[in-house]
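**Student:** coordinates only, sequence not included:
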């Protein structure tokens, strides 16, 4: 039986893997679309006694291959998560800035886990009366090292500026193996900048899979975050000043996003299950 030819989506050609990875770029077998000779052929994973047709956009799971069986999973091997963090002066009260720091650290730490195989990219936007891109799209493990605490200050909460930056990050080039981004917006106040956040939110919704909106504290504009910024009210979450509750939610968010990447479950389905 001749060596099996596999199509490497990074090198864009068929290769014979060595030690479970592409010999040229090192991409793991789990990210390959198993094909014979040409990527336009029917995708198929074969054993001497069994075979499984894989629909377009699916790959064979490497762990299942090791066990002598095949399991089709979505071939979305990368996911971009954009975090927008309110840093207005009101975040100083009740240690909300500190709790936001801890929660975002736990989220990105979860995305950077080895089990996700460097599949997550992260951007971070901090905003008050204006917005700043503090982490430009990079691998989660690198973002974890560069993540800094919120530097609170400035009066006002300008959701328009934050959403515009999120749109710009969402429009960054991504390939066929990358799912549309997920955005997480945390705010603790009312919009009091120029422009209409609803207009920018609609634009952002057209560019991403899901926008999760978190109202942190009793002063947050629940109507705006729930009914305009969140891509659907089911992706809205209100959290009072409890740092423990915020950290629990962000841990659950990290676990759910990891599950989304590892299983190929659509983000809009899995993220709606977080309570």
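**Tutor:** That came through, no problem. Predicted, not measured: the structure shown is a model, and the values here were computed from it.
**Student:** which residue sits closest to residue 252 in space, ignoring its chain neighbours?
**Tutor:** Nearest residue to residue 252, sequence neighbours excluded (Cβ to Cβ, 6 or more residues apart in numbering): residue 274, at 5.2 Å. Glycine gets a C-beta too; all of them are placed from N, C-alpha and C.
**Student:** Next, the contact list for that neighbour, please.
**Tutor:** Residue 274 makes contact with 237, 249, 252, 253, 256 under the criterion Cβ atoms under 8 Å, 6 or more residues apart in numbering.
**Student:** for the record, mean pLDDT for the longest helix belonging to the chain?
**Tutor:** Ranked by number of residues, the top helix in the chain under DSSP state H is helix 243-263. Averaged across helix 243-263, the pLDDT comes to 92.
**Student:** buried sites along it?
**Tutor:** Of all the residues in helix 243-263, those buried under the rule 16 or more other Cβ atoms under 10 Å are 243, 245-247, 249-250, 252-258, 260-262.
**Student:** Helices of the stretch 1-150 of the chain, residue ranges please.
**Tutor:** With DSSP state H, counting those that start in this stretch, the ranges of helices along the stretch 1-150 of the chain come out as 62-66, 96-111, 140-146.
**Student:** In terms of secondary structure, what does the second one contact?
**Tutor:** It stands for helix 96-111. With contacts defined as 3 or more Cβ pairs under 8 Å, 6 or more residues apart in numbering; DSSP states H and E, the packing partners of helix 96-111 are strand 79-86, strand 120-127, helix 140-146, helix 243-263.
**Student:** burial measure for the residue nearest to residue 124 when sequence neighbours are not counted, as a count.
**Tutor:** Counting by Cβ to Cβ, 6+ apart, residue 124 lies nearest to residue 135, which is 3.9 Å off, once chain neighbours are set aside. Neighbour count for residue 135, taken as other Cβ atoms under 10 Å: 20.
**Student:** residues touching residue 135, list them.
**Tutor:** Contacts of residue 135 by Cβ under 8 Å, 6+ apart are 122, 123, 124, 143, 146, 147.
**Student:** how much space between it and residue 196?
**Tutor:** For residue 135, the distance to residue 196 equals 27 Å [Cβ to Cβ, to the nearest Å].
**Student:** quick one on the thing from earlier: nearest to residue 203 among the helices and strands packed on helix 96-111 would be which one?
**Tutor:** strand 79-86 (13.7 Å; Cβ to Cβ).
**Student:** now that closest one and strand 120-127, what's the angle there?
**Tutor:** If you take axes from the mean of the first three to the mean of the last three Cα atoms, to 10 degrees, strand 79-86 sits at 20 degrees to strand 120-127.
**Student:** for strand 79-86, packing partners?
**Tutor:** Packed next to strand 79-86, using 3+ Cβ pairs under 8 Å, 6+ apart, are helix 96-111, strand 120-127, helix 159-170, strand 182-187, helix 243-263.
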